[in-house]
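>>> For reference, the sequence and a predicted model appear below.
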Amino acid sequence: MSNDKVLYEKDGQIATITLNNPEKMNAWDFPNQDGQYDAFYSKLDLAEEDDEVKVVIIKGEGRAFSAGHDLNTVGFIYGMGTGQAGERRASQRHRLKIDRKWMGVDQKRLFLFPKVTIAQIHGYCVGEGLIVAECCDLAISTKDAKIGHVDQHMGLGGAGIPTLPILWASVGLKRGMEMLLTGDMMSGEQAAEIGLVNKAGDPEGLEDEVLTLARKICLQPYDGIAMGKAARTLLFENMGLVFGFESGALAHTAFTNIRWEEGEHNFLRDRREHGTRSAISTREERFEKYPGSEKLWPRNR
């Protein structure tokens, strides 16, 4: 697939996949839209099929690793209409088909990828961007990165993502639930302190730090990496970590069809009536008056 929104480079045993949509802070679209999503997984195929590759580094161009999903387009993949009279709601089976491809197939494939994966995080790493990082074997961040599940402000209620068991295993159940139920963001330094990333350092040293780690891992034999990953897959399945990808798809499908009560913020309706920027601002203003909800989200993206 030819798509310059995702770049692929290889240097010996190390492949690097770069999200290259900086004007949108490397925001994700969805399967079969011929954008960043499809290009990313096609590049992942290249690394998987190249027997010389031992380690895959995933990073972002510009001022962010990834700012999550493109909120201008969220919802339309399911066939959601424009609010006109006579439009039918998107069916549950259609929503589930998309979510199972997105979470149950592709994101699970990233988590169980047969080569070692490292997320190289800087700037914003939120929503779908953070899910990608959580699916990687290792993650190295800058201290000043802004990390969190701000996607939960859409009303997901602490679910609707495929990496719940992975998050809980990384940071603990109580802390993980606080991250989800509040949607608060943290710095890369804080993320390292709680085990969400392996290490956080100064921005100017990030590239060298990740490459040094990747080269050290490459000292492992090819078969050792392959068999180690295969053995861990069995352990992950027994631990229930893999089950999160199917449950995440089901929960997200249910979320996309919830009913909004009076006084609750319906982002999709607000976007339709007032535009994306206004809808994001209204959504975030509801949380910012509470501690830990500083104005970190880039509303003008």
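Perfect, thanks for sending it. Numbers count the residues shown, from 1 in each chain.
>>> What residues of stretch 123-139 count as buried?
123-139 (16 or more other Cβ atoms under 10 Å). Backbone N, C-alpha and C define where each C-beta goes, glycine included.
>>> make that stretch 164-183, sorry
By neighbour count on 16+ other Cβ under 10 Å, the buried set for stretch 164-183 is 164-171, 176, 179-180, 182-183.
>>> Turn the residues you listed into JSON lines, including distance to residue 112, secondary structure and pLDDT.
Output for the buried residues of stretch 164-183, formatted as JSON lines (distance: Cβ to Cβ, whole Å; DSSP: H, G, I helix; E, B strand; the rest coil; pLDDT from 0 to 100):
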{"residue": "164", "distance to residue 112": "16", "secondary structure": "helix", "pLDDT": "94"}
{"residue": "165", "distance to residue 112": "13", "secondary structure": "helix", "pLDDT": "95"}
{"residue": "166", "distance to residue 112": "11", "secondary structure": "helix", "pLDDT": "97"}
{"residue": "167", "distance to residue 112": "17", "secondary structure": "helix", "pLDDT": "96"}
{"residue": "168", "distance to residue 112": "18", "secondary structure": "helix", "pLDDT": "96"}
{"residue": "169", "distance to residue 112": "15", "secondary structure": "helix", "pLDDT": "96"}
{"residue": "170", "distance to residue 112": "16", "secondary structure": "helix", "pLDDT": "97"}
{"residue": "171", "distance to residue 112": "21", "secondary structure": "helix", "pLDDT": "97"}
{"residue": "176", "distance to residue 112": "21", "secondary structure": "helix", "pLDDT": "96"}
{"residue": "179", "distance to residue 112": "23", "secondary structure": "helix", "pLDDT": "95"}
{"residue": "180", "distance to residue 112": "23", "secondary structure": "helix", "pLDDT": "95"}
{"residue": "182", "distance to residue 112": "30", "secondary structure": "helix", "pLDDT": "93"}
{"residue": "183", "distance to residue 112": "27", "secondary structure": "coil", "pLDDT": "93"}
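>>> Just name the closest of the residues you listed to residue 53, please.
Residue 53 lies nearest to residue 166 out of these, by Cβ to Cβ, at 23.3 Å.
>>> if I pick that closest one, what's in contact with it?
Residue 166 makes contacts with 111, 134, 135, 241, 244, as judged by Cβ atoms under 8 Å, 6 or more residues apart in numbering.
>>> What of residue 206?
Contacts for residue 206 (Cβ under 8 Å, 6+ apart) come out as 120, 122, 140, 141, 142.
>>> Go again with 6 Å.
residue 142 (Cβ atoms under 6 Å, 6 or more residues apart in numbering).
>>> how about it, secondary structure?
Taking DSSP: H, G, I helix; E, B strand; the rest coil as the rule, one finds residue 206 in the helix state.
>>> ok, it to residue 70 distance?
To residue 70, residue 206 is 25 Å away according to Cβ to Cβ, to the nearest Å.
>>> Residue 180 now?
Using Cβ to Cβ, residue 180 is found at 22 Å from residue 70.
>>> try residue 212
The gap separating residue 212 from residue 70 is 33 Å, by Cβ to Cβ.
>>> between these two, who's got more neighbours?
residue 70 (21 against 12; other Cβ atoms under 10 Å).
>>> these two touch, right, that one and residue 27?
Yes. Contact criterion Cβ atoms under 6 Å: residue 70 and residue 27 qualify, at 4.0 Å.
>>> residues in contact with the helix or strand in which residue 56 is found?
Taking DSSP states H and E as the criterion, residue 56 maps to strand 55-60. For strand 55-60, contacts defined as Cβ under 6 Å, 6+ apart pick out 14-19, 26, 47, 66, 115-120, 210, 214, 217-218.
>>> So in that sheet, which strands flank it, and in what orientation?
According to DSSP bridges, strand 55-60 has the following sheet partners: strand 14-19 (parallel), strand 116-121 (parallel).
>>> Would you mind giving those strands as a markdown table with mean pLDDT added?
Converted to a markdown table, those look like this (pLDDT from 0 to 100):
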| stretch | mean pLDDT |
| --- | --- |
| strand 14-19 | 98 |
| strand 116-121 | 98 |
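>>> Check the ones you listed for me and report the most buried one.
Ranked by mean neighbour count, the strands paired with strand 55-60 are led by strand 116-121 with a mean of 26 (mean count of other Cβ atoms under 10 Å).
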